[in-house]
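Q: sequence first, then the predicted structure:
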Amino acid sequence: MKLPAALETFADREHVFEFMARGSRVPRLDVSHNVILYLEDITVAFDGFRALNDLTLYVDAGELRCIIGPNGAGKTTMMDVITGKTRPDSGSAWFGQTIDLLQLDEPEIAAAGIGRKFQKPTVFTEHSVFENLELAMAGDKRVWRILFAKLTPAQIERIESVLETIGLKDQRDARAGSLSHGQKQWLEIGMLLMQDPQLLLVDEPVAGMTPQETERTAELLLGLAGKHSVVVVEHDMAFVRSIARKVTVLHEGSVLAEGSLDEVQNNAKVVEVYLGE
Amino acid sequence: MHTPLLKTLLTERGSQVFLGVLIVTAILVPLLNLAVPADSALHVSTYTVTLLGKYLCYALLAIAVDLVWGYCGILSLGHTAFFALGGYAMGMYLMRQIGTRGVYGDPVLPDFMVFLNWSELPWYWHGFDMFWFAMLMVVLAPGALAYVFGWFAFRSRVTGVYLSIITQALTFALLLAFFRNEMGFGGNNGLTDFKDLLGFDLQADATRIGLFLATAFALGGGYVACRAIAASRAGRVIRAIRDAEGRARFIGYRVESYKLWLWTFSAVLAGIAGALYVPQVGIINPGEFAPINAIEIVIWVAVGGRGTLYGAVLGALVVNYAKTWFTGAFPEVWLYALGALFVLVTLFLPQGIVGLLARARKTA
Ligand SMILES: Nc1ncnc2c1ncn2[C@@H]1O[C@H](COP(=O)(O)OP(=O)(O)OP(=O)(O)O)[C@@H](O)[C@H]1O
Ligand SMILES: [Mg+2]
């Protein structure tokens, strides 16, 4: 006998009803239109100064997007809006088709699947490198769960493998505050990996890195694209060239140009405000 | 690093010393009081037992403050309020125990109510004739106040000095309220003239010993509970919040929930300390809410060394011993000495005595 479709969902033991997904009022991520991030007409004003000015930007699922632009163009502010740190004065921001980012706060946005690496590396300096990765690990982060949670062997293995990836195996138990600038950058990238987000926002990842470290970062980010969507803000043009497929140029809070790196580098407006300097 | 609690306690020097000394004290002090004749040099007087019991209450209060301040960066000037509320809940039970032995001999109404010409017990005094109910209130009154206060404060993301100031305002508001006779808590005289607890005479040596042991047990239990929280994954999240609150939010932690639970738990510990304090000192009055007390607790923790728990215990003992001595010898200098101590510690001993000892051990 065939059950009607509605009943079938009840018969399916694995089915999780929306109302039972406790502790979260965040819908599931839906990227069926192949776009993971919609920013439309976003304006952010600080005391009348528009850090973002009717910014409209779309990022495809699985894409690796580079964002460039002069200092003060609004790149970091854009990330602040996406991650819930700053509320825009107008506009809309959607994560996939279903998640309205402007309705959520920082932990909800993180739980929905957006991770961020800050421009200024911010690791937990008093914790060990291992503990920093543990803190960032994806999973239920509510108080009572975490209070009694023990790391499973699989989780420890995961942390060890990220330690390997970011080249900090020997610093496993070192205080994060004792790391060099470049190592902190790596640790933050490692924390991003531990979160296993769908969308990674990476603000100036190679600042302060040696050429070798920069190269490894490029490899890592390229490896992530496809399964994840990555938005990278960077001033280092050589680095951008090594990873970029599509580049967006921001200027005075809105998009000035978009296209391949060669296209935007030959764009007259871009040459004028940015690359020509 | 990711070791079980027991192992942490057994390998950590400070915890070893603290728990060892606590256990030895809890065994020796009753023995030296009860079994050694009063004329022996080894005899510990009942006065000393009670004084030690009082110090242990302060130590528990110091742990409660260190848990939120040292581990989560919440500098509370409100713990006197939780301490006093726990004390008042115990005091109300002790008042109801007096029964007809009061000056006015009223079987139900405490003396101060008869004095105010009240004819019946206010509703919130009901139930306090039962020990279990009073003990429930010792936990619930400070716990509920802390929960409600914290819910508003942490959700609105009040932090730092501003949070300290509103915790101070909370204490001060309660101070003023409890001073009023109409509140029904004995006004500025507070609650006193207690006779017995669970049928045991409060003046008897054995009762004093019992209270001392109960306090030692509460202190040990509170210490282990705080240590367990600090050593858990939640403890690492709490320290992460202390060091970089915004960052913790961006990796998905609901900071306000963590703060709220830690804060409430800490308030309950303070309430228990207050409840143990009152029968040993024999009185609770609004003076316990005094803002200066809140600052004193912070100084205990700073002097001992914050963020270690055992440092808080050490600080509470050292400063209170000094206070007992000073207020006996030079009462007028005490507040200056306390202020000077705080300044010296802040400038030269940011890790407190515990930090100094650790440094001495390393160089030795
Ligand atoms: N909280 C704030 N209050 C006032 N002005 C701000 C604030 N945050 C950013 N701004 C201003 O908004 C503008 C955009 O800043 P933003 O940090 O987004 O630039 P950016 O593109 O990331 O620059 P950079 O390449 O230097 O990192 C700048 O002029 C900055 O001074
Ligand atoms: Mg920036």
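A: Received, thanks. Predicted, not measured: the structure shown is a model, and the values here were computed from it. Numbers count the residues shown, from 1 in each chain, chains lettered A, B, ... in the order given. Ligands and ions are numbered 1, 2, ... in the order given.

Q: use CA for all of it now, contacts and neighbours both
A: Noted.

Q: any idea how far the residue of the stretch 1-150 of chain B found nearest ligand 1 is from residue B:238?
A: When scored by Cα to the nearest ligand atom, the stretch 1-150 of chain B has residue B:73 as its residue closest to ligand 1, at 23.8 Å. Noted for residue B:73: a distance of 9 Å to residue B:238, by Cα to Cα, to the nearest Å.

Q: so who does the residue of the stretch 1-150 of chain B closest to ligand 1 touch?
A: The contact partners of residue B:73, taken as Cα atoms under 8 Å, 6 or more residues apart in numbering or on different chains, are B:160, B:242, B:243.

Q: which secondary structure state is assigned to residue B:114?
A: helix (DSSP: H, G, I helix; E, B strand; the rest coil).

Q: next, count neighbours for it.
A: By the criterion of other Cα atoms under 10 Å in any protein chain shown, residue B:114 has 17 neighbours.

Q: is ligand 1 contacted by stretch A:198-216?
A: No: applying Cα under 6 Å from any ligand atom, one finds stretch A:198-216 out of contact with ligand 1, separated by at least 8.0 Å.

Q: avg pLDDT for that stretch?
A: Confidence for stretch A:198-216, expressed as mean pLDDT, is 89.

Q: count the neighbours of residue 213 for me.
A: Since you didn't name a chain, this refers to chain A. 18.

Q: hmm, I had chain B in mind actually
A: The tally of other residues near residue B:213 (other Cα under 10 Å) stands at 21.

Q: and residue B:321, by the same measure?
A: Neighbours of residue B:321 using other Cα under 10 Å come to 14.

Q: got it, and residue A:193?
A: Using other Cα under 10 Å, the number of residues around residue A:193 comes to 21.

Q: before we move on, what about residue A:224?
A: 17.

Q: before we move on, what about residue A:164?
A: 14.

Q: which element is it on?
A: Per DSSP states H and E, residue A:164 falls inside helix A:153-165.

Q: is that helix anywhere near chain B?
A: No: Helix A:153-165 lies apart from chain B when judged by Cα under 8 Å from any Cα of the partner chain; the minimum separation is 10.8 Å.

Q: moving C-terminal from that helix, which element do we reach first?
A: From helix A:153-165, the next helix or strand downstream (DSSP H and E) is helix A:181-195.

Q: how about the next helix or strand after that following helix as CSV, C-alpha atoms only?
A: Once helix A:181-195 ends, the next helix or strand along the chain (criterion: DSSP H and E) is strand A:199-203. Written as CSV, here are the backbone C-alpha positions of strand A:199-203 (Å, rounded to 0.1, in the frame of the first residue of the first chain):
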residue,chain,number,x,y,z
LEU,A,199,30.5,30.3,3.2
LEU,A,200,33.9,31.6,4.3
LEU,A,201,34.6,35.3,4.6
VAL,A,202,38.4,35.8,4.7
ASP,A,203,39.6,39.3,5.3
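
Q: flag every buried residue along the helix or strand following strand A:199-203.
A: Sequence-wise, the next helix or strand downstream of strand A:199-203 (DSSP H and E) is helix A:211-224. By neighbour count on 16 or more other Cα atoms under 10 Å in any protein chain shown, the buried set for helix A:211-224 is A:213, A:214, A:216, A:217, A:218, A:221, A:222, A:224.

Q: out of the residues you listed, who's nearest ligand 1?
A: So of the buried residues of helix A:211-224, ranked by how close each gets to ligand 1 (Cα to the nearest ligand atom), first place is residue A:214, at 18.0 Å.

Q: shouldn't the closest one be in contact with residue A:239?
A: Yes: applying Cα atoms under 8 Å as the test, residue A:214 and residue A:239 come out as touching, 7.2 Å apart.

Q: counting neighbours, what do you get for the nearest residue to residue A:119 once chain neighbours are set aside?
A: Closest residue in space to residue A:119, ignoring its immediate chain neighbours: residue A:203 at 4.7 Å, by Cα to Cα, 6 or more residues apart in numbering or on different chains. Residues within reach of residue A:203, counting by other Cα under 10 Å, total 22.

Q: so where do the strands sit in chain A?
A: A:35-46, A:49-60, A:64-68, A:90-95, A:99-100, A:114-117, A:199-203, A:229-233, A:246-251, A:254-259 (DSSP state E).

Q: look at whichever residue of chain A sits closest to chain B and report its pLDDT.
A: Nearest to chain B, among the residues of chain A, is residue A:107, at 3.8 Å (Cα to the nearest Cα). Predicted confidence (pLDDT) for residue A:107: 93.
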